[in-house]
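# Give me the fold of what follows.
(4 chains)
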Number of protein chains: 4
Amino acid sequence: MRTGRLEAFSDGVLAIVITIMVLELKAPEDTTFQSLLSVAPVFISYVLSFIYIGIYWNNHHHLFQISHKVSGTVLWANLHLLFWLSLIPFTTSWLGENEHYDEALPVATYGFVLLMSAIAYFILERTLIKNHDENYLLALLTANKVKDYVSSTFYIGAIPLAFVNTWLAIVCYAIVALIWLVPDKNMETLIDEVEA
Amino acid sequence: MRTGRLEAFSDGVLAIVITIMVLELKAPEDTTFQSLLSVAPVFISYVLSFIYIGIYWNNHHHLFQISHKVSGTVLWANLHLLFWLSLIPFTTSWLGENEHYDEALPVATYGFVLLMSAIAYFILERTLIKNHDENYLLALLTANKVKDYVSSTFYIGAIPLAFVNTWLAIVCYAIVALIWLVPDKNMETLIDEVEA
Amino acid sequence: MRTGRLEAFSDGVLAIVITIMVLELKAPEDTTFQSLLSVAPVFISYVLSFIYIGIYWNNHHHLFQISHKVSGTVLWANLHLLFWLSLIPFTTSWLGENEHYDEALPVATYGFVLLMSAIAYFILERTLIKNHDENYLLALLTANKVKDYVSSTFYIGAIPLAFVNTWLAIVCYAIVALIWLVPDKNMETLIDEVEA
Amino acid sequence: MRTGRLEAFSDGVLAIVITIMVLELKAPEDTTFQSLLSVAPVFISYVLSFIYIGIYWNNHHHLFQISHKVSGTVLWANLHLLFWLSLIPFTTSWLGENEHYDEALPVATYGFVLLMSAIAYFILERTLIKNHDENYLLALLTANKVKDYVSSTFYIGAIPLAFVNTWLAIVCYAIVALIWLVPDKNMETLIDEVEA
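Residues are numbered from 1 along each chain as shown, chains lettered A, B, ... in the order given. As a prediction, this is how the structure comes out:
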């Protein structure tokens, strides 16, 4: 089976996930600058989650540039990833509800969903490698897992940290986002090689 | 007529159906663990419905891998299926409203929409077979209907069972979901044969 | 310019329009059969609008099967059509709010948006014909405008009729929907000829 | 990397952005003509924003007709553009809340998001040119920036003007929209040349 529809469906789900979060950004009742500022906590959590969904879309895009077939198991591994990512609007909304980001549970729950998404992405990669056993490039690409290990460590650390100081956890999430924002030139070179 | 746009439109509708259900998962007002737990009934019904939409997307994906043309009748049979699936967010929301899942009507209505979706899928398959009369594989594939008959029987049984004990009905829905989660190797082999 | 992205974008908008209407179908607070019945007016207006969006999607699909290029003007004519169709969730919601469908203005407004959509579709066809001047088939296809004229006449009639008796107007809308539900074999034959 | 998925994802996000704005158009509680008129401010701001998103989709469509590869940087430049465009439903909703459009801050904020979108689009173009250095046409196309400079000047002017008289600012936004609605024949001729 080809990858076209899996990509189209994932694009659809991620486009909706990234966009419905903006529905939480309710227009202030008032028209003062103070009322605009009161939207700031929701806005900041929206920015963070937008970047995270953007990262997953980017990585998903790269991953399927070098994958050329799917199986029923891959379809389910992909749906499993989309399931956890679909919970991000919920955790974002809970995070943004709290003006000072000083409540532990929403911050920890946010990290938990990120951790589960990372695990789901890892499972999706493994499933794809199994499905492409002759393709050493896929294995190679997914072998360079430094970013993944760092991310997972940060998530696992951030969840208990949230109960000590919520800001420590939020800084962890922001650092992971920054790590992934830096484009991975190695992967792009590999994709160009595969396509050439 | 080719199948491309029917697939794209169905992907769009299913992506939205699967994602708007998460809008029902409202962030708790409080930040205690109890308030997070209070979201559990909505969450569980979300998981069940996510799996069901995932199953339909998977089957639809498989079905159109081996179909290569559509007619006006197929377009309408497909829209009919999407209509019933589009009602799942409504039945999911009603199901999740009830903390202990002990009210018969939401549980029975949930099963009714699943049953109608199964019937609509069956009609779509028949319409496709008519449209591909030279293609024995389609007939072959759809001939192996054990899962379909089991599912329909469970739905038809679950609707009255909901009025006896709601949990018996919910267990029926979960069993059907599990039956479909197991990948159908036969179909994948057939698809590979068709494509080869 | 090719038609691919115009079709993809239209599919996206129509998929969202057809699906967000279901958000108006709020789960009843109660779990009695009466409370389920109270959703009926919203449900019936949802069914009608689902069929209408389905018809437009079908016709759009057919139209672009025989069109092979777009211009900036076609893109705007298409956006103009999508604009009017995007208002259908609003008119559907207003129509469904009224338990007995006996208020003239929501019914007349519903018809007005249908009429504007029909005009927008007509403009889109004209723009495409201009853009494909060598293609007689497009002109041919759009020449058989009986259905269009009947529909427009019914809409124009239904708007004042709504102020006499709302049911007369609703019956007009239902008749137009039925006219379009019957598949147009001529058009499909023409499409097959163009593609062959 | 090819442009297909970037286009599909952008189509998805823009289709959702353009459509969820209609969710702000709440059906009036009453069925009088007055109650319908009370929706007018929300409706007018919807029309303006629909046209703006339409313009961006059109320009994006033209831009990627002549681009044939993407890099990780292009993906992020595109996500950055989508981020600002995703805020338009929020600013539209705030703008439409105010019956007489006479409050400065919502009008200025609306212009600020338009300005940031224009800057993001400019960055996307630069990133694409860098990525296509051999392609003089891209540079040529983006060299004719009269419309862009006029638009940015109007936005930058409109933001302070909103604090003097909100209508002056709104007229600025409407003029920019009109400038872009006029199809750019030069660009279409160029696209046809590239494709030929």
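
# which residues of chain A fall in helices?
Along chain A, counting by DSSP state H, helices occupy A:4-20, A:33-37, A:40-65, A:72-86, A:88-97, A:104-131, A:136-143, A:146-164, A:166-181, A:185-195.

# tell me what the fourth one is packed against?
Packed against helix A:72-86 by the contact rule (3 or more C-beta pairs under 8 Å, 6 or more residues apart in numbering or on different chains; DSSP states H and E) you find helix A:4-20, helix A:40-65, helix A:104-131, helix B:4-20, helix B:40-65, helix B:185-195. Where C-beta positions appear, they are placed from N, C-alpha and C, glycine not excepted.

# what residues does that helix touch?
Residues outside helix A:72-86 that contact it (C-beta atoms under 8 Å, 6 or more residues apart in numbering or on different chains) are A:6, A:10, A:13-14, A:17, A:53, A:56, A:60, A:70, A:113, A:116-117, A:120-121, A:123-124, A:127-128, A:130-131, B:18-19, B:22, B:47, B:50, B:54, B:57-58, B:61-62, B:181, B:183-185, B:187-188.

# Count the neighbours of A:Thr19 for me.
By the criterion of other C-beta atoms under 10 Å in any protein chain shown, A:Thr19 has 26 neighbours.

# Contacts only, for it.
Counting by C-beta under 8 Å, 6+ apart, A:Thr19 makes contact with D:13, D:16-17, D:20, D:86.

# Check pLDDT for those residues and point me to the minimum.
On pLDDT alone, D:Ile20 ranks lowest of the contacts of A:Thr19, at 90.

# still on that earlier bit, could you dump the helices and strands packed on helix A:72-86 to CSV with distance to C:Ser38?
Formatted as CSV, the helices and strands packed on helix A:72-86 follow (distance: least, C-beta to C-beta, whole Å):
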stretch, distance to C:Ser38
helix A:4-20, 27
helix A:40-65, 34
helix A:104-131, 36
helix B:4-20, 22
helix B:40-65, 21
helix B:185-195, 43
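
# Specify the stretch among those helices that is closest to D:Thr92.
Closest to D:Thr92 of the helices and strands packed on helix A:72-86, according to C-beta to C-beta: helix A:4-20, at 13.9 Å.

# ok, back up a step: among the helices and strands packed on helix A:72-86, which gets the worst mean confidence?
The weakest mean pLDDT among the helices and strands packed on helix A:72-86 belongs to helix B:185-195, with a mean of 65.

# what's A:Val70 sitting at in phi/psi?
Dihedral angles of A:Val70 (phi, psi; degrees, to the nearest 10) stand at phi -130, psi 160.

# pretty sure it contacts A:Gly4?
No. Contact criterion C-beta atoms under 8 Å: A:Val70 and A:Gly4 do not qualify, at 9.4 Å.

# Comparing the two, which residue is more hemmed in?
Regarding A:Val70 and A:Gly4, a neighbour count based on other C-beta under 10 Å identifies A:Val70 as having more, with 23 against 18.

# Next one: the more buried one, what pLDDT does it get?
As predicted, A:Val70 sits at a pLDDT of 86.

# Can you name the residues that contact it?
Shown in contact with A:Val70 (C-beta under 8 Å, 6+ apart): A:1-3, A:6, A:78, A:131.

# want to throw those into JSON lines with neighbour count?
Formatted as JSON lines, these follow (neighbours: other C-beta atoms under 10 Å in any protein chain shown):
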{"residue": "A:Met1", "neighbour count": "19"}
{"residue": "A:Arg2", "neighbour count": "11"}
{"residue": "A:Thr3", "neighbour count": "18"}
{"residue": "A:Leu6", "neighbour count": "21"}
{"residue": "A:Asn78", "neighbour count": "27"}
{"residue": "A:Asn131", "neighbour count": "18"}
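
# Quick one: name the residues of chain A near chain C.
Counting by C-beta under 8 Å from any C-beta of the partner chain, chain A comes close to chain C at A:Gly12.

# Show me what from chain A comes close to chain B.
Taking C-beta under 8 Å from any C-beta as the contact definition, chain A meets chain B at A:1-2, A:5-6, A:8-9, A:12-13, A:15-17, A:20, A:23, A:71-73, A:75-76, A:79, A:82-83, A:86-87, A:89-90, A:93-94, A:97-98, A:103-106, A:109.

# Please convert the buried members of the residues you listed into PyMOL selection syntax.
Buried residues among the residues of chain A next to chain B (16 or more other C-beta atoms under 10 Å in any protein chain shown), as a PyMOL selection:
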select buried, chain A and resi 1+5+6+8+9+12+13+15+16+17+20+23+71+72+73+75+76+79+82+83+86+87+89+90+93+94+97+98+103+104+105+106+109
